[in-house]
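>>> can you look at this prediction? I've put the sequence above it.
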Amino acid sequence: MNIQQWVKSNCKFAQIPEPPVPPAPTEPVPPQPVPQQQHPKILKVYDTRTELFEEGDETIPGDPEVENENEIDCNPDEYDLEDGLDAAMIAARYILRSNQGNLEPSSSSYHEGLWYSSSDTDYRTGDILERSFHPKGFSPEEGKKIFDIITRKSRGG
């Protein structure tokens, strides 16, 4: 028996197995954004147009510019829920109350992506203020409910 065989059979440290080779590093997975539930809201946009006049009283519309846009949260709070209001009813009520001119949907029948618009003319300056209301984050059923409420009210129902 040679010395190496004797050491392996008689020494405890010699019987310790070799550590396993760690696996090759893999590419790190980038963190994925946590999907957030989209809350129902109304995107309200204001455009002002100034009509330009040329000889012969021909009207050439100016370029509309977005002056202001803001989002109106339509999540019902505890008081809305007590009153029996849901997000669609809150949205329809907001659109109807914000309207100062003729309110028209972008289509005569409901479809996703539909919006509502109205315009009002400042007879002193000739500027036309256009407002548009874009429902965002509503289910198709809620969108249809908004459409039904607004079209019923604008028809005098």
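Received it, and whenever you're ready, just let me know what you need. Since this is a predicted model, take the numbers as computed values, not measurements. Residues are numbered from 1 along each chain as shown.

>>> tell me which stretches of the protein form helices.
3-10, 78-82, 87-98, 140-154 (DSSP state H).

>>> in the second one, what's buried?
Residues Asp80 are the ones in helix 78-82 that count as buried (16 or more other CB atoms under 10 Å). Where C-beta positions appear, they are placed from N, C-alpha and C, glycine not excepted.

>>> equivalent analysis for the longest one, please.
Applying a neighbour-count criterion of 16+ other CB under 10 Å, the buried positions in helix 140-154 are 142-147, 149-151, 154.

>>> tell me which of these is nearest to Gly126?
Distance to Gly126 across the buried residues of helix 140-154 (CB to CB) is lowest for Ser154, with 25.9 Å.

>>> related to what we said a few turns ago, what's the closest of the buried residues of helix 140-154 to Ile42?
Nearest to Ile42 among the buried residues of helix 140-154: Ile146, at 9.1 Å, using CB to CB.

>>> ok, that closest one to Ala88 distance?
Ile146 is 5 Å from Ala88, where distance means CB to CB, to the nearest Å.

>>> find residues that contact each of the two.
Each of Phe138 lies in contact with both Ile146 and Ala88 under the rule CB atoms under 8 Å, 6 or more residues apart in numbering.

>>> looking at the helices of the chain, spot the one closest to Lys44.
Lys44 lies closest to helix 87-98 among the helices of the chain, at 6.9 Å (CB to CB).

>>> any buried residues in that closest one, and which?
Quick answer for helix 87-98 (16+ other CB under 10 Å): 87-95.

>>> save those as CSV, and put in distance to Glu27 and pLDDT too.
As requested, the buried residues of helix 87-98 are arranged in CSV below (distance: CB to CB, whole Å; pLDDT from 0 to 100):
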residue, distance to Glu27, pLDDT
Ala87, 42, 94
Ala88, 45, 95
Met89, 49, 94
Ile90, 47, 95
Ala91, 45, 94
Ala92, 50, 93
Arg93, 51, 92
Tyr94, 48, 92
Ile95, 49, 91
